[in-house]
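In: Just need the structure, nothing else, for what follows:
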Amino acid sequence: MTMPAKFLALGFTLLLPVFAAAQIEVIDHFKRANGKHAKGDLDGAIADYSHVIKLDPKYFNAYNNRGNARLAKGEFDAAIADYTRVIELNPKSATAHYGRGVARRAKGDLDGAIADYNRAIALDPKNARAYGHRGDVSQAKGDLAAAIADYTRAIALDPKYANAYGHRGDARQARGDFEGAIADYSQVVAFFPKYANAYHNRGNARLARGDFEPAIADFNHAIQLDPKYASAHWSRGSARIMTRKWSDALMDYRRFCELSETGHDYPRLFIWLLRARLGETGEASKELAAFLDKRTQTAPGDLIPVVAGFLMGNVTEENLFAAAASPDARKQHAQKCAAWYYAGMRKILAGEKAAAISAFQKCLATDEKALVEYQFAKAELKGLAP
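Out: Numbers count the residues shown, from 1 in each chain. I've put the predicted structure just below:
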């Protein structure tokens, strides 16, 4: 070996321990970062991942995991930047496309999220979570058929994927497939017997199907598991109206208003109706008027004050329907449905049975099945039947 070759060989040999030491430092910091991440120390993990990246700017796993930590912190732009860097270094990283899809969805970029989930699925067709999350985005965009197809695929890949069952139940219920929704929510209950929301959702599906007592049983169970579950009180109150249990319904609506800081408009209208049915019209009107005096949220086309005024006798039926008109045909259709219900209730309270039946029938003719007023009108017609 010539002298220069000997020196070159010696130099390479001397560099090996330096290279090994650098790699050991990278691995040690990476492991340390993962440990902190697992323990919930996201800031500490991000600092260590950043150090790894400083030591080895092409270590794409460090970018990916730092993106995960930033995503968990809600730092969506920073997470997207990290996942994008992973994809630049390793275009076939399904996990980076999936993570970036999650971050994009969190920012409201639904199309970008779909594109990332599509790529993640193309790279890893057995990624159940990618199908599940793509289903969530499709549902958010209103494409319920696509959402259901994705949830179904996710469940086929992972039969214990509880979120996919729950979200498929939501999509099925939105499409009017109450049987399918009940089956999905029942599966979530089987996985998590103490998950109050699953009972509540199943109760709502049963209520929509007209199975009132099973629905009330589900709402009871949800409230037993979580006594401060405001929405379960609201739903049980609605079910009790449909089963003509006025005092029990009144109790539930009052409890909802105690527990929830928002969403009091419709419960307050129904509290008035329940109290009026119980012979407390004067006191009911004082209570509703006091609520309206304190109510601050108003907007053009706000129907709540108009409906309240109509119930209390301060607004004519003609003015009620005039207020329900809207340049948005879809909105007007829904508001007319609600107006016919309230008109029918005023006629019930006035003892005008035939006129009430006519109003409720016009309410149902709108086919606005998702509206609570539609469901209440349907129950009233059943109660008025000979």
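In: tally of neighbours for R104?
Out: 23 (other C-beta atoms under 10 Å). Yep, even glycine has a C-beta here, placed from its N, CA and C like the rest.
In: pLDDT wise, what is it at?
Out: Looking at R104, its pLDDT stands at 98.
In: mind checking the SS state of it?
Out: Put simply, R104 is helix when judged by DSSP: H, G, I helix; E, B strand; the rest coil.
In: cool, and K194?
Out: Following three-state DSSP, K194 is assigned to coil.
In: Would you check that it makes contact with L225?
Out: Yes - using C-beta atoms under 8 Å, K194 makes contact with L225 at a distance of 5.8 Å.
In: And this structure, what are its domain boundaries?
Out: Residue ranges for the domains of the chain, per automatic domain parsing: 194-282, 302-386.
In: Report the rounded mean pLDDT for the first one.
Out: Averaging the model's pLDDT scores along domain 194-282 yields 97.
In: Please state the offset of that domain from the chain centre?
Out: The chain centre lies 19 Å from the centre of domain 194-282; the measure is C-alpha atoms, centre = their mean, to the nearest Å.
In: okay but A140 is in contact with D111, surely?
Out: No - counting by C-beta under 8 Å, A140 does not reach D111; the two are 11.2 Å apart.
In: These two - which one has more neighbours?
Out: Taking neighbours as other C-beta under 10 Å, A140 and D111 compare with A140 leading, 13 against 10.
In: While we're on the more buried one, how confident is the model there?
Out: On the pLDDT scale, A140 gets 96.
In: ok, the residue nearest to it when sequence neighbours are not counted to R175 distance?
Out: Leaving aside its sequence neighbours, A140 sits nearest to L110 (C-beta to C-beta, 6 or more residues apart in numbering; 6.1 Å). Here L110 is placed at a distance of 20 Å from R175 (C-beta to C-beta, to the nearest Å).
In: E287 now?
Out: 38 Å.
In: repeat for L274
Out: Distance from L274 to R175, by C-beta to C-beta: 32 Å.
In: between those two, who's got more neighbours?
Out: L274 (25 against 14).
In: residues in contact with the helix or strand containing that one?
Out: Assigned by DSSP states H and E, L274 belongs to helix 265-277. Contacts of helix 265-277 from elsewhere in the structure, counted by C-beta atoms under 8 Å, 6 or more residues apart in numbering, are 234, 237, 241, 246-247, 249-250, 253-254, 256-257, 281, 283-285, 287-288, 291, 295, 304, 307-308, 311-312, 342, 345, 349, 372.
In: Give the buried subset of those as a PyMOL selection command.
Out: The buried residues among the contacts of helix 265-277 can be selected in PyMOL (16 or more other C-beta atoms under 10 Å) with this line:
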select buried, resi 234+237+241+246+249+250+253+256+257+281+284+285+288+291+304+307+308+311+312+342+345+372
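In: what ranges do the strands span in the protein?
Out: With DSSP state E applied, the chain shows no strands anywhere along its length.
In: got any ranges where it has weak pLDDT?
Out: By pLDDT under 70, the weakly predicted segments of the chain are 1-22, 297.
In: at 80 what do you get?
Out: 1-26, 296-300, 386 (pLDDT under 80).
In: list the contacts for the nearest residue to A217 once chain neighbours are set aside?
Out: Nearest in space to A217, with sequence neighbours left out and distances taken as C-beta to C-beta, 6+ apart, is G203 at 7.8 Å. Going by C-beta under 8 Å, 6+ apart, G203 touches P214, A215, I216, A217, D218, F219, A222, A232, S235, R236, A239.
In: Check the burial of the closest residue to the first one other than its chain neighbours by counting its neighbours.
Out: Put plainly, it is P214. Distance criterion C-beta to C-beta, 6+ apart; nearest residue to P214, sequence neighbours excluded, is R206 at 4.9 Å. By other C-beta under 10 Å, 23 other residues sit near R206.
In: Pull the residues that contact stretch 307-325.
Out: 268-269, 272-273, 276, 285, 288-289, 292, 301, 303, 306, 332, 335-336, 338-339, 342-343, 345-346.
In: Repeat the analysis, applying 7 Å as the threshold.
Out: 269, 272-273, 285, 288-289, 292, 303, 306, 332, 335-336, 339, 342-343, 346 (C-beta atoms under 7 Å, 6 or more residues apart in numbering).
In: And that stretch, how far out from the chain middle?
Out: 33 Å.
In: how long is it from one end to the other?
Out: 13 Å (C-alpha to C-alpha, to the nearest Å).
In: List the buried residues for it?
Out: Quick answer for stretch 307-325 (16+ other C-beta under 10 Å): V307, A308, G309, F310, L311, M312, V315, L320, F321, A323, A324.
In: What are the buried residues along stretch 103-122?
Out: So, applying 16+ other C-beta under 10 Å, buried residues of stretch 103-122: A103, R104, R105, D109, G112, A113, I114, D116, Y117, R119, A120, I121.
In: Sketch out the helices for the stretch 201-350 of the chain, chain order is fine.
Out: 212-225, 230-242, 246-259, 265-277, 281-294, 304-312, 317-324, 329-349 (DSSP state H, counting those that start in this stretch).
In: possible to save those helices as JSON lines with distance to S93?
Out: Shown next, in JSON lines, are the helices of the stretch 201-350 of the chain (distance: least, C-beta to C-beta, whole Å):
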{"stretch": "helix 212-225", "distance to S93": "41"}
{"stretch": "helix 230-242", "distance to S93": "40"}
{"stretch": "helix 246-259", "distance to S93": "45"}
{"stretch": "helix 265-277", "distance to S93": "48"}
{"stretch": "helix 281-294", "distance to S93": "54"}
{"stretch": "helix 304-312", "distance to S93": "51"}
{"stretch": "helix 317-324", "distance to S93": "54"}
{"stretch": "helix 329-349", "distance to S93": "43"}
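In: wait, isn't Q332 in contact with S326?
Out: Yes - with contacts counted by C-beta atoms under 7 Å, Q332 reaches S326, the gap being 4.1 Å.
In: just to revisit the earlier point, doesn't S138 make contact with the residue nearest to A140?
Out: No - checked against C-beta under 7 Å, the pair L110 and S138 is beyond contact range at 8.9 Å.
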